[in-house]
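Colleague: compute the structure for the input listed below.
(chains A, B, C and D)
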There are 2 protein chains.
Amino acid sequence: MDHLFHALADATRRDILRRSVRGEPSVSRLAEAYPMSFAAVQKHVAVLERAGLITKERRGREQLVRTDPDAVRRARQALDQLEAAWRGRVDRMSDLLAQDPDPEENNPTRGQDR
Amino acid sequence: MDHLFHALADATRRDILRRSVRGEPSVSRLAEAYPMSFAAVQKHVAVLERAGLITKERRGREQLVRTDPDAVRRARQALDQLEAAWRGRVDRMSDLLAQDPDPEENNPTRGQDR
DNA sequence: CTAACCTACAACCAAATGGTTGTAGGTAAG
DNA sequence: CTTACCTACAACCATTTGGTTGTAGGTTAG
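Modeller: Coordinates of the predicted model:
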């Protein structure tokens, strides 16, 4: 999970992901697209690979990069959980507000209104 | 976007997010939960705040932490885009396969050298 | 075979990260 | 007022990160 989000926390890597979703570029073809050395792009690809976001497949002397959609889905689901938890809290608060229509009786020691 | 995913790429910070979704803990209360110094937790909170994932609200001498659901939603939507792009590609490929039933032509001219 | 190309990997470096301790200021409680 | 608590922030340190260059090996083209 750490590796997953860390891999996504870089604009170059997210762009590599997008390009790899559209086609299956080789590492050197990817490297042409960015103002950095081939080795730097190689490292970015390695980070994405460690996170499970892409896989490499040897094709002759080239190494084709392709995305693994399951990893993207995994990251999305983690955020879904957070969002659901937030929604759950809001629902719970709505319930409390519905059951306790007494805004004057709020207890300042622990909880308060939003 | 970089800040957003970077903030999510740490287990402690994700846990802080979960606790802040459930309640609105103070920074010192959060610090009690982790085997690190108060200042370290303070830094984690600052990273989450820079990413827009949480906001701090002064309550007397305490600083209450609360999540901003829109930021979580923003991150999720970025992943949705990636997933949608991937699905779009698969659909396109399905169309091509349907229109071009020729399994011998598995050597596309795209990946060659120049 | 030879040359060009693609990749892997090591060594190195500046900057950012994640942690610590220490100091100082503002607020609440006795 | 005095004390205890919560926070902010600076200084420092080890490790990681993101970039570079250089070297070496495998594959394709001529």
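Colleague: ok, the residue in chain A that DNA strand D sits nearest to to residue A:26 distance?
Modeller: Nearest to DNA strand D, among the residues of chain A, is residue A:60, at 2.8 Å (Cβ to the nearest atom of the strand). For the C-beta atoms, the positions are set from N, CA and C on the backbone; glycine is no exception. According to Cβ to Cβ, to the nearest Å, residue A:60 stands 10 Å off from residue A:26.
Colleague: who's more crowded, these two?
Modeller: residue A:26 (20 against 10; other Cβ atoms under 10 Å in any protein chain shown).
Colleague: test my guess that that one contacts residue A:63.
Modeller: Yes: contact criterion Cβ atoms under 8 Å: residue A:26 and residue A:63 qualify, at 6.1 Å.
Colleague: got phi/psi on residue A:71?
Modeller: With angles defined as degrees, to the nearest 10, residue A:71 sits at phi -70, psi -40.
Colleague: near it, how many other residues are there?
Modeller: For residue A:71, the neighbour count with other Cβ under 10 Å is 20.
Colleague: and residue A:47, what helix or strand is that in?
Modeller: helix A:38-50 (DSSP states H and E).
Colleague: skip ahead from that helix and say which helix or strand is next.
Modeller: With secondary structure assigned by DSSP H and E, helix A:38-50 is succeeded by strand A:54-59.
Colleague: now the angle from that following strand to helix A:38-50?
Modeller: Interaxial angle, strand A:54-59 versus helix A:38-50 (axes from the mean of the first three to the mean of the last three Cα atoms, to 10 degrees): 120 degrees.
Colleague: buried residues in the helix or strand following strand A:54-59?
Modeller: Going down the chain from strand A:54-59, the next helix or strand is strand A:62-67, by DSSP H and E. Buried residues in strand A:62-67, counting neighbours by 16 or more other Cβ atoms under 10 Å in any protein chain shown, are found at A:62, A:64-65, A:67.
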